[in-house]
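1. Just a sequence and a predicted model for now, questions to come.
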Amino acid sequence: MAYTTGPRNLITDVAGLRVGNAQDAALKSGTTVLSGDAPFVAGVHVMGGAPGTRETDLLAPDKSVAAVDALVLSGGSAFGLDACSGVTEALRARGRGLQLGAALIPLVPGAILFDLLNGGAKDWVQNPYADLGREAFEASDYDFALGSHGAGTGALAAMQKGGLGSASLVLSDGTTVGALVAANPVGSVTTPGERHFWAAPFEMDGELGGAGVDTQTGLCAAPASLKAEALFGTNATSTRANTTIAIVATDRALTKAQCHRLAVAAHDGIARAIVPAHTPSDGDLVFGVSTGAGEPASDMELAEIGHGAALCLSRAIARAVYEATPAEGDLLPCYRSL
């Protein structure tokens, strides 16, 4: 049985999830928040060499926290982690969080990407990301914008603007899987010539423009990067200005350990859509989320869910770049401008 996309082709096709974006055009940065109608089970796996995170240790399978209230993807490098504080305060104001006696503690892990050198105004006096986090949470809905929005606002791939992407699939047994990603990688999402996406074999319903698969062979050259040249010059010795951060989710019941395994499997989606991936200068990270109740998935079911999550993530990465739009002061062109 062939898979189909969910009705929105967004991660919010997974029941119980909403997404909100907030961005600042002058800053050329923003924040994206995934929240649930109720706390959800989550895991995480990091495969990049330069991650930036908050409260991800509590997602390990041996830690006592059973569920979290929201997840944050943000620009701003280390400053962007403050977006989690804004979301935490907004959740607390709504009476959401872990109740310990008289204390109410919202649990909001997050991850960031580096967009501090993309031409935006970063000379703030007060860190803007807490406000962006709160604004993104308050904007949470089932429909949300892709491309140059939220955490993807200032993202850059190797050869063109990056962005925010999402995709979903309904699997053969009716399980829904979705992905949400802010793509800001060292590597390229397009094959040489920048017309075809590496993720093109997985395209559904023309979501990437329908250019199809690159028919060339022998695509085994050293990586090129207009991004590295724009940020650091032709003689750059450091390129630590990257990261692809993502969330994959399913409506099937999973344990924390299975959510971790879901995140591990989904990293294949990054490797299929970005070349090269998981480099020392990327902070590649995937959160795995389950909103389901009841008996946890079997090993065979989890294998198919992980497969679907990797497919969704590849497509979401390409959609992030395909949906990017131009803005004043951009360092790189958009895919559809090339």
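-> Looks like it came in fine.

2. list the contacts for Thr190?
-> Residues in contact with Thr190 (CB atoms under 8 Å, 6 or more residues apart in numbering) are Met159, Gln160, His196, Phe197, Trp198, Val321, Tyr335. Backbone N, C-alpha and C define where each C-beta goes, glycine included.

3. do Leu104 as well
-> Arg92, Gly95, Arg96, Gly97, Leu98.

4. go on, Gly30?
-> Applying CB under 8 Å, 6+ apart as the definition, the contact partners of Gly30 turn out to be 21-24, 74-75, 132, 136, 149-154.

5. how about the CA coordinates for whichever strand or helix holds it, as PDB?
-> Assessed by DSSP states H and E, Gly30 sits inside strand 29-46. Below are the C-alpha coordinates for strand 29-46, written out as PDB (Å, rounded to 0.1, in the frame of the first residue of the first chain):
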ATOM      1  CA  SER A  29      15.900  35.500  12.700                       C
ATOM      2  CA  GLY A  30      13.000  33.900  14.500                       C
ATOM      3  CA  THR A  31      11.600  31.100  16.600                       C
ATOM      4  CA  THR A  32       9.300  28.100  16.000                       C
ATOM      5  CA  VAL A  33       7.400  26.300  18.800                       C
ATOM      6  CA  LEU A  34       5.700  22.900  18.700                       C
ATOM      7  CA  SER A  35       3.200  22.400  21.500                       C
ATOM      8  CA  GLY A  36       0.600  19.800  22.300                       C
ATOM      9  CA  ASP A  37      -3.000  19.800  23.500                       C
ATOM     10  CA  ALA A  38      -1.500  17.800  26.300                       C
ATOM     11  CA  PRO A  39       2.000  16.900  27.400                       C
ATOM     12  CA  PHE A  40       3.700  14.500  25.000                       C
ATOM     13  CA  VAL A  41       6.400  11.900  25.200                       C
ATOM     14  CA  ALA A  42       9.700  12.900  23.500                       C
ATOM     15  CA  GLY A  43      13.300  11.800  22.900                       C
ATOM     16  CA  VAL A  44      16.300  13.300  21.200                       C
ATOM     17  CA  HIS A  45      19.400  12.300  19.200                       C
ATOM     18  CA  VAL A  46      22.300  14.500  18.200                       C
END
